[in-house]
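Undergrad: Please work out how this folds:
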Amino acid sequence: MKDHPIKQEIFAADKAINNKDFDNIPNFYTEDAALVVKPGLVASGRTAIAEAHKEISKYFNGSLEVSQGDVQIIEAGNVALVHAKTFVKSQLKLDSKFSTERESVYVYVRDSDGKWRCAIDNSYGAELLQAK
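TA: You can find the predicted model right below:
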């Protein structure tokens, strides 16, 4: 599982986020993908997701660094459910009310060209159930 294509995509997407490569970030998502920006706020579609990543970076004063710990992938045909331990760091925003260690849940879809893209990006995982 170490070299699973989805895991490689996740690590590449993290690198793009950390490098503020906002032009490339949408390429990791399906056209109609959904990104949980924060509990209660979802960005839908590549354009909205690119803008959301810019705003997230601003929120963290440009010092956002995301990384993954353990990743578990469950495939069913061209769909995969991914559970990941996600770490969110920011050297310039230490007072965020959002957790810095998350139990993320992602849904990936394999395109007709065989490339896995994220359809649902929920770094908050089941924590959404606690948000009001």
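Undergrad: In terms of helices and strands, where is residue 80?
TA: Element membership of residue 80 [criterion: DSSP states H and E] is strand 79-90.
Undergrad: So which residues of this protein form helices?
TA: Counting by DSSP state H, the chain has helices at residues 5-18, 46-59.
Undergrad: Quick one: closest of the ones you listed to residue 29.
TA: Closest approach to residue 29 among these is made by helix 46-59 (5.6 Å; Cβ to Cβ). For the C-beta atoms, the positions are set from N, CA and C on the backbone; glycine is no exception.
Undergrad: same for that closest one, what does it pack against?
TA: Counting contacts by 3 or more Cβ pairs under 8 Å, 6 or more residues apart in numbering; DSSP states H and E, helix 46-59 is packed against strand 29-38, strand 41-44.
Undergrad: winner for burial among those?
TA: Of all those, strand 29-38 has the most neighbours on average by mean count of other Cβ atoms under 10 Å, namely a mean of 18.
Undergrad: helices or strands up against it?
TA: With contacts taken as 3+ Cβ pairs under 8 Å, 6+ apart, strand 29-38 sits against strand 41-44, helix 46-59, strand 116-122.
Undergrad: Just send those back as CSV, with distance to residue 29 too.
TA: Below are these laid out as CSV (distance: least, Cβ to Cβ, whole Å):
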stretch, distance to residue 29
strand 41-44, 10
helix 46-59, 6
strand 116-122, 5
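Undergrad: right, and the ones you listed - which one's nearest residue 73?
TA: With Cβ to Cβ as the measure, strand 116-122 is the member of the helices and strands packed on strand 29-38 nearest residue 73 (9.5 Å).
Undergrad: Many thanks, I have nothing further to ask.
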